[in-house]
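**Q** Based on what follows, work out the 3D shape:
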Amino acid sequence: MRIHPEGWPWIGAALTTGLLSLALRRRTAGGLALLAAMGFAFFFRDPDRHPPNPCSDLVLSPADGTIVTLQRQAEPDWLQDERAWRIGIFLSIFDVHINRFPVTGKVVRMAHYPGAFRPAFEEDVWKRNERQVFHLEDEQGRRILMVQIAGLVARRTVAWVKPGQRLTCGERFGLIRFGSRMEIFLPGSARILTAPGQKVRAGETPLALLGNP
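**A** All right, here's what the predicted structure looks like:
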């Protein structure tokens, strides 16, 4: 099982604490620390994914988790669409938390917003909680808005991309610690391929088929 480098400091700290505790005959503390190290290793696992080829008109899920929101909603700032699709994905602590790019295209701009740390399953956390917003364009100029959202336990969003950077569909771009939510806004002309309650996998599960720009 591959572990993402972001996880090694957490795993190393817990493992060191556990071994030192056992050396000092503090068996309970040592055992708990070693269990924590195993938990961190599980959380930061980074499996390979295999995006559809080609995926030129597809929007792939940017996160593992469960579809909890699928609705029409105005998005006047980036998509400028009164009937945009909003898709919300809830990530439990058991899901893979490596985020992947939903299309082949570029990051036009990014914005970080401080906020609360409400539970990620609440509907309005995408505009209340700590979050990172990505304004994207695919190769045909079609716009997508994507939001990494911190939750009650997930207190930090991590992005490894910068404005102007180009990525291919399914490429890793960030993560959220430790249980969280991802929102994605698509043009109203998109044909939705998912439904509430569906389990999705980042970089593999199609969420929608985009229409003409």
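**Q** C-alpha from now on. contacts and neighbour counts both.
**A** Noted.
**Q** Provide the contact partners of stretch 42-49 at residue level.
**A** By C-alpha atoms under 8 Å, 6 or more residues apart in numbering, the residues outside stretch 42-49 that reach it are 1-4, 6-7, 93-98, 170, 178, 202-204.
**Q** end-to-end on it?
**A** 17 Å (C-alpha to C-alpha, to the nearest Å).
**Q** What average pLDDT does that stretch get?
**A** In this model, stretch 42-49 carries a mean pLDDT of 88.
**Q** mind listing what's buried in that stretch?
**A** Neighbour counts over stretch 42-49 (16 or more other C-alpha atoms under 10 Å) mark 42, 43, 44, 45, 46 as buried.
**Q** Enumerate the positions of the worst-scoring helix or strand of the chain on mean pLDDT that are buried.
**A** Every helix and strand in the chain was compared by mean pLDDT, DSSP states H and E; the lowest is helix 125-128, with a mean of 73. The neighbour-count check on helix 125-128 (16+ other C-alpha under 10 Å) flags 125, 126, 128 as buried.
**Q** Relative to residue 88, which of the residues you listed is nearest.
**A** Proximity of these to residue 88 (C-alpha to C-alpha) peaks at residue 126, which lies at 8.9 Å.
**Q** just the helices in this protein please.
**A** 8-23, 27-43, 125-128 (DSSP state H).
**Q** Residue 83 is nearest to which of those helices?
**A** Closest to residue 83 of the helices of the chain, according to C-alpha to C-alpha: helix 125-128, at 17.8 Å.
**Q** distance between that closest one and the chain's centre?
**A** 15 Å (C-alpha atoms, centre = their mean, to the nearest Å).
**Q** which helices and strands does that helix pack with?
**A** Contact partners of helix 125-128 among helices and strands, from 3 or more C-alpha pairs under 8 Å, 6 or more residues apart in numbering; DSSP states H and E: strand 143-149.
**Q** List of residues touching the strand it packs on?
**A** Under C-alpha under 8 Å, 6+ apart, the answer for strand 143-149 is 78-79, 120, 125-126, 129-138, 157, 176, 180-187.
**Q** still on that earlier bit, of the contacts of stretch 42-49, just the buried ones, ChimeraX syntax please.
**A** Applying 16+ other C-alpha under 10 Å to the contacts of stretch 42-49, the buried members can be selected in ChimeraX as follows:
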select :3,7,93,95,96,97,98,170,178,202,203,204
